[in-house]
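> After the sequence you'll find the predicted model.
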Amino acid sequence: AEATPELSYREQLEFLNPIAQPLASRKLTRKLLKCIRKATKHKQIRRGVKEVQKFINKGEKGITVLAGDTLPIDVYCHIPIMCEDRSLPYAYVPSKADLGTAAGSKRPTCVIMIKPHEEYQEVYDECLEEVSALPLPL
């Protein structure tokens, strides 16, 4: 069942923290959440700061999706830097609740890494292309 967000995309933007760049558009956010749902079915996601950080350090490839409404930002502000160092694509989506729901969890989550898999390669490649095209913050 498709979970409907309580707040619209525009309303969620009010709760973003200052480091949430590059932010995915409404359309890209939908695509990323769809990709996360598919990846969850095949157990191809890494969820949470500790787990994602561990696998970035191990050199695992994938798209990192961060929640833009996470506070305090100290919790995960090092993840984008780690992604840039290893030239991994990353993007912010407005809501950690939506991120958690897409990953099939009742709890909100602030960071998820989607790993490539042949079952949803088309959606993954589309997301990868769009996320890679987003301008990186200075």
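Received, thanks. Numbering: from 1, shown residues only.
> tell me the secondary structure for the residue most central in space within the chain?
Centroid-nearest residue in the chain: Val65, 1.4 Å away (criterion: Cα atoms, centre = their mean). Secondary structure for Val65, judged by DSSP: H, G, I helix; E, B strand; the rest coil, is strand.
> and what of Lys38?
Relying on three-state DSSP, one would call Lys38 helix.
> Next, count neighbours for it.
19 (other Cβ atoms under 10 Å). Where you see a C-beta, it was placed from the backbone N, CA and C, and this is true even at glycine.
> So it is in contact with Glu126, correct?
No. Lys38 is beyond contact range of Glu126, at 11.7 Å (criterion: Cβ atoms under 8 Å).
> thinking again about what came up before, wait, the residue nearest to the centre of the chain sits on Ile114?
Yes. Taking Cβ under 8 Å as the definition, Val65 is a contact partner of Ile114 at 6.7 Å.
> I'd like to check what contacts the worst-scoring helix or strand of the chain on mean pLDDT. Which residues are they?
Sorting the helices and strands of the chain by mean pLDDT, DSSP states H and E puts helix 9-12 at the bottom, at a mean of 80. Contact partners of helix 9-12, identified using Cβ atoms under 8 Å, 6 or more residues apart in numbering, comprise 5, 26, 29, 68-69, 94-95.
> packing partners for the strand or helix carrying Phe55?
In this structure, Phe55 is located in helix 49-57 according to DSSP states H and E. With contacts taken as 3 or more Cβ pairs under 8 Å, 6 or more residues apart in numbering; DSSP states H and E, helix 49-57 sits against helix 79-85, strand 111-114.
> From Lys106, how far off is the spatially closest residue to Pro135 that is not a sequence neighbour?
Sequence neighbours aside, Pro22 is the residue nearest to Pro135 in space, at 5.9 Å (criterion: Cβ to Cβ, 6 or more residues apart in numbering). Separation of Pro22 from Lys106 (Cβ to Cβ, to the nearest Å): 28 Å.
> Looking at those two now, which is surrounded by more residues?
Legend: neighbour count by other Cβ under 10 Å for Pro22 and Lys106, higher for Pro22 (17 against 7).
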